[in-house]
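Colleague: the amino acid sequence is not available; the structure is as follows:
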């Protein structure tokens, strides 16, 4: 018996209770679509936030030769 025939026979069974394979596939597909949409929608905002945090941790945001050390703002960048 092929997989398709087995699946078709299982779905045509009378009196089956609970969610079948098709319903589970729909739920998994819906979850995948929601996840992809969220990553697409929030991707740029998340990337900017992660990049800003990485720069602060690595010290990239603060210049090495600041002409006026007393004028470094709260982001660690020289204000000229």
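Modeller: Received, thanks. The shown structure was predicted, so the numbers you read here are calculated from the model rather than taken from an experiment.
Colleague: only C-alpha atoms from now on, for both contacts and neighbour counts.
Modeller: OK.
Colleague: can you give me the buried ones in the longest helix belonging to the chain?
Modeller: In the chain, with assignment by DSSP state H, the single longest helix is helix 21-58. By neighbour count with 16 or more other C-alpha atoms under 10 Å, helix 21-58 contains no buried residues.
Colleague: can you check the pLDDT for residue 26?
Modeller: Per-residue confidence at residue 26 stands at 93 (pLDDT).
Colleague: in contact with residue 20, which residues?
Modeller: Contacts for residue 20 (C-alpha atoms under 8 Å, 6 or more residues apart in numbering) come out as residue 11.
Colleague: what's the distance between it and residue 26?
Modeller: Using C-alpha to C-alpha, to the nearest Å, we find residue 20 at a distance of 10 Å from residue 26.
Colleague: go on, residue 44?
Modeller: Distance of residue 44 to residue 26, given as C-alpha to C-alpha: 29 Å.
Colleague: what do you get for residue 48?
Modeller: Using C-alpha to C-alpha, residue 48 is found at 34 Å from residue 26.
Colleague: what's the average pLDDT for stretch 56-75?
Modeller: 63.
Colleague: from now on call the first residue 37
Modeller: In the new numbering, first residue 37, that becomes stretch 92-111.
Colleague: end-to-end on that stretch?
Modeller: Start-to-end, stretch 92-111 (C-alpha to C-alpha) is 8 Å.
Colleague: what do residue 56 and residue 62 both touch?
Modeller: Counting by C-alpha under 8 Å, 6+ apart, nothing touches both residue 56 and residue 62.
Colleague: residue 45 and residue 38, how far apart?
Modeller: For residue 45, the distance to residue 38 - C-alpha to C-alpha - is 11 Å.
Colleague: have a look at these two and say which one is more surrounded.
Modeller: Neighbours were counted for residue 45 and for residue 38 using other C-alpha atoms under 10 Å; residue 45 has more, 11 against 7.
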